[in-house]
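In: need a 3D model of the sequence below.
(2 chains)
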Number of protein chains: 2
Amino acid sequence: MSGYTVSPAQPPLPTPSPFSYSVASTRWNSSPSIHTANLYLRFLALVLSFGSALSLAVLSPTETKVKKHPTSFLDYPQLLYCFTANIMVFLYAAYQLFKGICDIAHRGIFISDKVSDYISFIFDHLAGYVLVSASSVAVQTIQQMDNGNALWKAALVSVCMSFTTFLVIAASALLSGYKFCKRIIW
Amino acid sequence: MSGYTVSPAQPPLPTPSPFSYSVASTRWNSSPSIHTANLYLRFLALVLSFGSALSLAVLSPTETKVKKHPTSFLDYPQLLYCFTANIMVFLYAAYQLFKGICDIAHRGIFISDKVSDYISFIFDHLAGYVLVSASSVAVQTIQQMDNGNALWKAALVSVCMSFTTFLVIAASALLSGYKFCKRIIW
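Out: Next up is the predicted model:
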């Protein structure tokens, strides 16, 4: 809003490039710092949720000669729940990151701001609750597994990353709640 | 704020009773409907969390002659977690309900509005995340218990109530987030 209230004595803005944050600030109706923080958080959520899902999928050996005890995370529905939750959060973070970069790169309307604010608000909160639920269940499963094998380590890495993703998503939910409230009040 | 801007032609307000909502609306700086909805939600959370904790404490028999398998929820750390979470939510809801009734009954400053908005915002979100985590863990424990005994039924009732409490707390968190954002923006 206040990005374009230039006083007459002041020279014009030096960077009319579409990559400058002033474009984003008029489009998002919020300060550039919030937009930047939002993008960083989305990127972090993307990386962490991908890492969490990947560690379960790669680190746990799926085939063994001696099938004495379950060695794949697919044998534990709780770990599968954690895996699915992280994959969904990954897809959602990818969408949000794509939208944020579209907003900065050009002003082509990928999705209207109003719809986007509603979507962000609802899905950020949903993702946070699903992630904390999945992580808690996975922690309990890890406690019941026998320590030291490859699946146990993979699940431990996955849960740590999943909890960090939850913290990031919770911060994103605060930001999207702020933007949503601004939209309702104004 | 706008409740006291009386025009000269208009007669004075007919109900100067301290129980009228105009007092609350000027104090909360938001519409009376939000304050009423907030109070209803707090009351619901109070009842449900109390019911959830009570069902675990009362319905599960703590002493049996034959101690073949655990019959008290204290033997399951997951159910104890759910019980503790619900007790904490109960205490928090009691505090919020007490504060809301204080605001309606008289304008004595129990706690300043600014501090209260911050507290509500933080603890509503925390309570929601803790409740959904505790409920998820308890659901998994119920799945692993043998069906049909008294503790199983008590845990089932408790988890259902705990999930409903979570929904109520999530709605409260939306309201407190709205009030918090209004305070930040204005």
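In: residue A:39 and chain B: what is the separation?
Out: 21 Å (C-beta to the nearest C-beta, to the nearest Å). Every residue, glycine included, has its C-beta placed from N, CA and C.
In: that residue contacts residue A:93, correct?
Out: No - assessed by C-beta atoms under 8 Å, residue A:39 is found out of contact with residue A:93, at 10.7 Å.
In: which parts of chain A are helices?
Out: A:21-28, A:32-59, A:77-105, A:113-144, A:150-185 (DSSP state H).
In: number of residues surrounding residue A:155?
Out: 27 (other C-beta atoms under 10 Å in any protein chain shown).
In: hang on, I meant residue A:37
Out: Neighbour tally, residue A:37, other C-beta under 10 Å: 14.
In: if I look at it, how far off is residue A:172?
Out: 9 Å (C-beta to C-beta, to the nearest Å).
In: quick one: least confident helix or strand in chain A?
Out: Lowest by mean pLDDT, DSSP states H and E among the helices and strands of chain A is helix A:21-28, with a mean of 41.
In: who's more crowded, residue A:39 and residue A:93?
Out: Neighbour totals were compared for residue A:39 and residue A:93, and residue A:93 leads with 25 against 18 (other C-beta under 10 Å).
In: excluding its backbone neighbours, what's nearest the most centrally placed residue in chain A?
Out: What sits nearest the mean C-alpha location of chain A, by C-alpha atoms, centre = their mean, is residue A:45, with 3.4 Å. Closest residue to residue A:45 apart from its sequence neighbours, by C-beta to C-beta, 6 or more residues apart in numbering or on different chains: residue A:93 at 4.2 Å.
In: same deal with residue A:175?
Out: residue A:38 (5.4 Å).
In: so that neighbour touches residue A:173, yeah?
Out: No - Residue A:38 is beyond contact range of residue A:173, at 11.1 Å (criterion: C-beta under 8 Å).
In: the more surrounded of those two?
Out: residue A:173 (25 against 22).
In: for that one, which non-adjacent residue is closest in space?
Out: Excluding its sequence neighbours, the residue lying closest to residue A:173 (C-beta to C-beta, 6+ apart) is residue A:124, at 3.9 Å.
In: show me what contacts that neighbour?
Out: Residue A:124 sits next to A:169, A:172-173, A:176-177 when contact means C-beta atoms under 8 Å, 6 or more residues apart in numbering or on different chains.
In: could you save those as a markdown table and add columns showing pLDDT?
Out: Below are these laid out as a markdown table (pLDDT from 0 to 100):
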| residue | pLDDT |
| --- | --- |
| A:169 | 94 |
| A:172 | 92 |
| A:173 | 91 |
| A:176 | 89 |
| A:177 | 87 |
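In: tell me the pLDDT of the closest residue to chain B within chain A.
Out: With C-beta to the nearest C-beta as the measure, residue A:181 is the residue of chain A nearest to chain B, at 3.4 Å. Note for residue A:181: predicted pLDDT of 82.
In: ok, it touching residue B:179?
Out: No - Residue A:181 sits out of contact with residue B:179 when judged by C-beta under 8 Å, with a separation of 9.2 Å.
In: how about the residues of chain A near chain B?
Out: Within chain A, the positions lying close to chain B (C-beta under 8 Å from any C-beta of the partner chain) are A:78, A:125, A:128-129, A:132-137, A:139-141, A:170, A:177-178, A:181-182, A:184-185.
In: at 10 Å instead, please
Out: Taking C-beta under 10 Å from any C-beta of the partner chain as the contact definition, chain A meets chain B at A:77-78, A:81, A:121, A:125-126, A:128-141, A:143-144, A:166, A:170, A:173-174, A:177-182, A:184-186.
In: quick check: the gap between residue A:38 and residue A:80.
Out: 30 Å.
In: hang on, the earlier thing: tell me which of the helices of chain A lies nearest to residue B:161.
Out: Of all the helices of chain A, helix A:113-144 sits nearest to residue B:161, with 16.8 Å by C-beta to C-beta.
In: buried residues in the closest one, which are they?
Out: Buried residues in helix A:113-144, counted by 16 or more other C-beta atoms under 10 Å in any protein chain shown: A:116-117, A:119-121, A:123-142.
In: go on, stretch A:177-184?
Out: For stretch A:177-184, by 16+ other C-beta under 10 Å, it's A:177-182.
In: repeat that for stretch A:93-109.
Out: Of the residues in stretch A:93-109, A:93-97, A:99-100, A:103-104 count as buried by neighbour count, 16+ other C-beta under 10 Å.
In: can you check stretch A:151-168 too?
Out: Neighbour counts over stretch A:151-168 (16+ other C-beta under 10 Å) mark A:151, A:154-168 as buried.
In: from these, pick the one nearest residue A:52.
Out: residue A:161 (3.8 Å).
In: got a list of what the closest residue to the closest one other than its chain neighbours touches?
Out: Leaving aside its sequence neighbours, residue A:161 sits nearest to residue A:52 (C-beta to C-beta, 6+ apart; 3.8 Å). If you count contacts by C-beta atoms under 10 Å, 6 or more residues apart in numbering or on different chains, residue A:52 has them with A:82-83, A:85-87, A:89-90, A:131, A:134-135, A:138, A:157-165.
In: and with 7 Å instead?
Out: Residue A:52 is in contact with A:86, A:158, A:161-162, A:165, counting by C-beta atoms under 7 Å, 6 or more residues apart in numbering or on different chains.
In: please apply the same query to residue A:156.
Out: Contacts of residue A:156 (C-beta under 7 Å, 6+ apart): residue A:142.
In: can you rerun that using 10 Å?
Out: Here residue A:156 is in contact with A:55, A:59, A:138-139, A:142, A:145, A:147 (C-beta under 10 Å, 6+ apart).
In: how about residue A:57?
Out: Here residue A:57 is in contact with A:72-74, A:83, A:87, A:154, A:158 (C-beta under 10 Å, 6+ apart).
In: try it again at 6 Å.
Out: For residue A:57, no contacting residues are found, by C-beta atoms under 6 Å, 6 or more residues apart in numbering or on different chains.
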